[in-house]
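J.: Okay, sequence plus prediction incoming.
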Amino acid sequence: MSIRLKIALWFTVLVSILLFTSFWVINEWLYSKNKFQFQQRVKNRTIATARLWVSSDTLIQGVMTKLDSGAVASLKKKYVAIYNDSGKIQYSFSDNPSDTITPAGSIFLKAKDKDEIFFPAGERVGYLARYINKDHSFFVLTVAFDEYHENVAQNLKTILWIIAAAGFFLAFLSGWFFSGLILRPINRIVEEVNQYSSTHLSNRISTGKTKDELNALAETFNKLLERLEESFLIQRRFISNASHELSTPLTSMSSQIDVGLQQKRNSEEYENILKSVSDEVHVMQELTKSLLVIARTGSEGAIELSDVRIDEVLMKAVANVKKAFPDYIMNVRFADFPEDENECIVHGNTDLLYTAFKNIVENGCKYSEDKKIDIELSFTGKKIVLDFVNSGDAVAEEEIEKIFQPFFRGNSATGKPGFGLGLALTKRIIHLHNGVLKASSDPLQGTRFHIELFSRAFL
């Protein structure tokens, strides 16, 4: 069942309930009001009969009979009777000569106790009242048919049923129409989204002018499309660059091997060829290792997390870089350590954080004229903050964000060894640890890499 049909049906059910409730209230109100009015008419007729009865004893029965027979239009199917205090009938009149009604003894008792009582008499309404004055004490009975109520009630029910049927039909049509208007933007969004594919993500869904939930839905889809487009673009760029970087050493190795096999050579020439091939193999190993680590950081489920002391990992990275490059200068400065040791710990992966710090330290020294980098570790509130600053050539503003893209190498990297994967890998590692990595560059202050990680003590 479609959402449009569901909305139309629910709207119809709701309107129907409101209609039936309103009709029931109207019917009950009219019935109660008409019942009261009819009872007042019967009561007034009974009082008039009682007063006439006590007004004169001479020829009273004949006069009353003429009056009752002349008042045919006031009450239909009426029966009037007067009983003495012991319940013996004194006078009676009926529109139908064969019509006689004798109330039960319990009704007389209730009328005697309460002075009056209304009671049902088949399809008619009966009223028995006790009249008492200094000379008389008797009961007066009036029974009549509420023809107006019967006719109005029947006609009203017919009219209400007709209105209910029409209201049900109109409610369904209205629900169907308005649900179509409400769902039209959603259908438009669905049609536009169905046109997108991995090669066609540049278009965006029109959000319209109204700021409502559908506008928010369209904007959410647009943000999702932006992320997808960026992801596919990075993926295509990564695959293209990776293919190129891998093919270069393979081509070089293949060429050198082919040259070496073209003719017999002495041992020294073969040794040079093997050494060159070995260098290319080493390059491929490093490149493949970097690519595998990047792929690994793309899946959180494949990473083992544990408590890691940031200061220990940082010092390990600095020591290993110094061991590999003795001419690199690394000045490490620690701010005051917090009293709680847990504030120095993050929940993460030791090997990945080591790789991230090592990449930044190596890059900082490599691209600095004096091969020096200043490192500062501090603790601010819930965060552990690391700043890496070198005095190399300033990175152009338009290249700041690009330096975190795989295989991107700026102008300052020309002639320097590397693949352009270190900072891209570092960015992913820090993001994987819910941290922040920012870069800034200034000709006077140098290039700064700023890292913020959440302390384990506050998680």
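T.: Now that the structure is in, tell me what you want to look at.

J.: any idea which helix or strand of this protein has the worst average confidence?
T.: Using mean pLDDT, DSSP states H and E, helix 60-70 stands out as the lowest-scoring helix or strand of the chain, at a mean of 59.

J.: In the very next helix or strand once past that helix, which residues are buried?
T.: Next in sequence after helix 60-70, counting helices and strands by DSSP states H and E, comes strand 76-84. With burial defined by 16 or more other C-beta atoms under 10 Å, the residues of strand 76-84 counted as buried are Lys77, Lys78, Tyr79, Val80, Ala81, Ile82, Tyr83. (C-beta placed from N, C-alpha, C; glycine too.)

J.: in its sheet, what does strand 76-84 sit against?
T.: If you go by DSSP bridges, strand 76-84 pairs up with strand 89-94 (antiparallel), strand 137-145 (antiparallel).

J.: Now do the buried residues in the first one.
T.: When burial is assessed from 16+ other C-beta under 10 Å, strand 89-94 yields the following buried residues: Tyr91, Ser92, Phe93, Ser94.

J.: TSV please, covering those residues and showing pLDDT and distance to Leu353.
T.: What follows is the buried residues of strand 89-94, written out as TSV (pLDDT from 0 to 100; distance: C-beta to C-beta, whole Å):
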residue	pLDDT	distance to Leu353
Tyr91	84	114
Ser92	82	112
Phe93	83	111
Ser94	83	109
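
J.: Which one of those residues is nearest to Gln262?
T.: Nearest to Gln262 out of the buried residues of strand 89-94 is Ser94 (C-beta to C-beta; 139.6 Å).

J.: Pull the contacting residues for that closest one.
T.: Ser94 is in contact with Lys78, Tyr79, Val80, Thr100, counting by C-beta atoms under 8 Å, 6 or more residues apart in numbering.

J.: with these in mind, which one is nearest to Arg333?
T.: Out of those, the member with the shortest distance to Arg333 (by C-beta to C-beta) is Lys78, at 113.7 Å.

J.: Does that closest one touch Asp95 like I think?
T.: Yes - at 5.6 Å, Lys78 counts as touching Asp95 under the criterion of C-beta atoms under 8 Å.

J.: Run through the helices of the chain in chain order.
T.: 3-55, 60-70, 105-114, 147-194, 213-261, 267-296, 310-324, 350-366, 422-432 (DSSP state H).

J.: export those helices to a markdown table and tack on distance to Phe449 and mean neighbour count?
T.: Conversion of the helices of the chain to a markdown table gives the following (distance: least, C-beta to C-beta, whole Å; neighbours: other C-beta atoms under 10 Å):
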| stretch | distance to Phe449 | mean neighbour count |
| --- | --- | --- |
| helix 3-55 | 51 | 15 |
| helix 60-70 | 113 | 14 |
| helix 105-114 | 99 | 14 |
| helix 147-194 | 39 | 14 |
| helix 213-261 | 21 | 14 |
| helix 267-296 | 18 | 14 |
| helix 310-324 | 13 | 17 |
| helix 350-366 | 5 | 22 |
| helix 422-432 | 8 | 21 |
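
J.: Would you single out the least confident of those?
T.: Of all the helices of the chain, mean pLDDT reaches its minimum on helix 60-70 (a mean of 59).

J.: Return the member of the contacts of Ser94 nearest to Val152.
T.: For those, the closest approach to Val152 (C-beta to C-beta) belongs to Lys78, at 19.2 Å.

J.: measure the closest one to Arg41 for me?
T.: 10 Å (C-beta to C-beta, to the nearest Å).

J.: list residues touching both of the two?
T.: By C-beta under 8 Å, 6+ apart, the residues touching both Lys78 and Arg41 are Ala144.

J.: surely Leu19 meets Gly167?
T.: Yes - between Leu19 and Gly167 there is a contact under C-beta under 8 Å: 4.8 Å.

J.: Let me see the contact set for Glu147.
T.: Taking C-beta under 8 Å, 6+ apart, we find Glu147 in contact with Lys76, Lys77.

J.: So it versus Phe20, what's the distance?
T.: 27 Å.

J.: cool, Thr142 as well?
T.: The gap separating Thr142 from Phe20 is 37 Å, by C-beta to C-beta.

J.: One more: Ala111?
T.: Taking C-beta to C-beta as the measure, Ala111 falls 39 Å from Phe20.

J.: Leaving out sequence neighbours, find the closest residue to Phe379.
T.: In space, and not counting its chain neighbours, Phe379 is closest to Pro338: 5.2 Å by C-beta to C-beta, 6 or more residues apart in numbering.

J.: Report how many residues lie close to that neighbour.
T.: Neighbourhood size, Pro338 [other C-beta atoms under 10 Å]: 13.

J.: Please parse this structure into its domains.
T.: The chain breaks down into these domains under automatic domain parsing: 3-152, 213-296, 302-458.

J.: Kindly reformat those domains as TSV containing distance to Arg184.
T.: Converted to TSV, these look like this (distance: least, C-beta to C-beta, whole Å):
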stretch	distance to Arg184
domain 3-152	10
domain 213-296	9
domain 302-458	39
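
J.: before we move on, back to that, from the contacts of Ser94, which is closest to Asn331?
T.: The closest of those to Asn331 turns out to be Lys78 (C-beta to C-beta; 118.3 Å).

J.: Model confidence for that closest one, exactly?
T.: 84.

J.: any idea how far Ile82 is from Leu5?
T.: 68 Å.

J.: for Arg51, same thing?
T.: Counting by C-beta to C-beta - Arg51 and Ile82 are separated by 12 Å.

J.: Please apply the same query to Val361.
T.: 121 Å.

J.: again with Lys316
T.: Lys316 sits 120 Å away from Ile82, taking C-beta to C-beta as the criterion.

J.: what do you get for Asn194?
T.: From Asn194 to Ile82 the distance is 89 Å (C-beta to C-beta).

J.: Ala218 too?
T.: 85 Å.

J.: burial measure for the residue nearest to Phe334 when sequence neighbours are not counted, as a count.
T.: Counting by C-beta to C-beta, 6+ apart, Phe334 lies nearest to Leu377, which is 5.1 Å off, once chain neighbours are set aside. Counted by other C-beta under 10 Å, the residues lying close to Leu377 total 19.

J.: what's the spacing between Leu377 and Leu352?
T.: To Leu352, Leu377 is 18 Å away according to C-beta to C-beta.

J.: swap in Leu19?
T.: Applying C-beta to C-beta to Leu19 and Leu352 gives a distance of 67 Å.

J.: before we move on, what about Asp95?
T.: With C-beta to C-beta as the criterion, Asp95 and Leu352 are 106 Å apart.

J.: And Gln90, by the same measure?
T.: According to C-beta to C-beta, Gln90 and Leu352 sit 114 Å apart.

J.: give me the low-pLDDT residue ranges for the stretch 301-450 of the chain?
T.: Applying pLDDT under 70 to the stretch 301-450 of the chain flags residues 301-303, 392-400, 402, 404-422.

J.: ranges for the strands of it?
T.: 306-309, 329-334, 345-348, 372-380, 383-390, 436-442, 446-454 (DSSP state E, counting those that start in this stretch).

J.: Now do the same for Met1: its pLDDT.
T.: We have a pLDDT of 69 for Met1.

J.: typo on my end, it should be Leu201
T.: 64.

J.: Please apply the same query to the one 10 residues further on.
T.: According to the predicted model, the pLDDT of Lys211 comes to 71.
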